[in-house]
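Asks: need a 3D model of the sequence below.
(one chain, ligands or ions: 1)
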Amino acid sequence: MPRRHLPDPLASELARARGAIFARERAGEHPHVVYALLARQGRGRRPIYVGETRNARRRFDTHLKTMFGGRDDDSARGQRLRALGVAGHRLEMEILEGVPHRLAALGCEAGWVRALAASGFDLANARAGHGLEPGGAVGAERVPLSRLRALPLSEAVVLELDLELRCRAGCGAQVLELPVRELAARISGSPPLGQIGGAVACAGCGGASLLEPVPDPGLLAALRVEAPPPERLAAFLDGIGLR
Ligand SMILES: [Zn+2]
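Replies: Next up, the predicted model:
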């Protein structure tokens, strides 16, 4: 069935806003963005996933390849994308916010996940660390530090994160503090922090170690799960015709 493209002033306004954010991203003003993936069928759109990235265009291409191009992704997100693709949906990306660094992106992402879930949308985000935990847990107020294990070493250097090496088995061996710049000088490439910890044997029991980031109070504050401003959430829902 041929698709009709009706004039939609709001859509072009959104496209302009999105273009402006892409431009700022290229200029390095907001190196990280938080985005929503939208499944579109006809003129109906709904958010299915919230993510964060440093390269929105490349990330969108990756999601498209998962949806239509046979790229492996066994996560809940990958399974949802493939099912929607088979059912004839299109995929769109909407930039929600630009933020200065990855920690801020994680806190912002969790806030949007929680806000959209509260608005009734079924998101394909994994629960742990994305703001969907039941109330009361520490993780409900702050993105758990365990999510920083996926942080590349180069980003830990930029953020000047303090790092601690501790025994995964908890044998009681002394915790080692590792200056991040010294670590980066000794390791080639930029592996994620979790991978570095696993490659170092515990000095006490010889088991695997954990490399844990120890953010300073300012960075910890960035990991707080912040609900998006109500007017921004309303503008997003208006923009996709859901309010
Ligand atoms: Zn040990």
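
Asks: any idea how far the residue most central in space within the chain lies from the ion?
Replies: Nearest residue to the geometric centre of the chain (CA atoms, centre = their mean): E52, 3.3 Å. Distance, E52 to the ion, using CB to the ion, to the nearest Å: 33 Å. From N, CA and C alone the C-beta is placed, and that goes for glycine too.

Asks: so what's the backbone phi/psi at that residue?
Replies: Main-chain torsions, E52, degrees, to the nearest 10: phi -130, psi 150.

Asks: how much space between the residue lying closest to F121 once chain neighbours are set aside and A118?
Replies: Nearest non-adjacent residue to F121, counting by CB to CB, 6 or more residues apart in numbering: P47, 5.2 Å away. Plainly put, P47 is 12 Å away from A118 if you go by CB to CB, to the nearest Å.

Asks: tell me which of those two has more neighbours.
Replies: P47 (26 against 12; other CB atoms under 10 Å).

Asks: who in this protein is up against the ion?
Replies: C167, A169, C171, A173, C202, G204, C205, G207 (CB under 5 Å from the ion).

Asks: thought the first one was touching C202?
Replies: In other words, C167. Yes. Judged on CB atoms under 8 Å, C167 makes contact with C202 at a distance of 4.1 Å.

Asks: what is in contact with these two at once?
Replies: Common neighbours of C167 and C202 (criterion: CB atoms under 8 Å, 6 or more residues apart in numbering): A173, S209.

Asks: now the strands for the protein?
Replies: Assigned by DSSP state E, the chain shows strands spanning 32-41, 44-53, 90-99, 162-167, 176-178, 209-214.

Asks: and those as a markdown table, adding mean pLDDT?
Replies: What follows is these, written out as a markdown table (pLDDT from 0 to 100):
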| stretch | mean pLDDT |
| --- | --- |
| strand 32-41 | 93 |
| strand 44-53 | 93 |
| strand 90-99 | 92 |
| strand 162-167 | 90 |
| strand 176-178 | 87 |
| strand 209-214 | 88 |
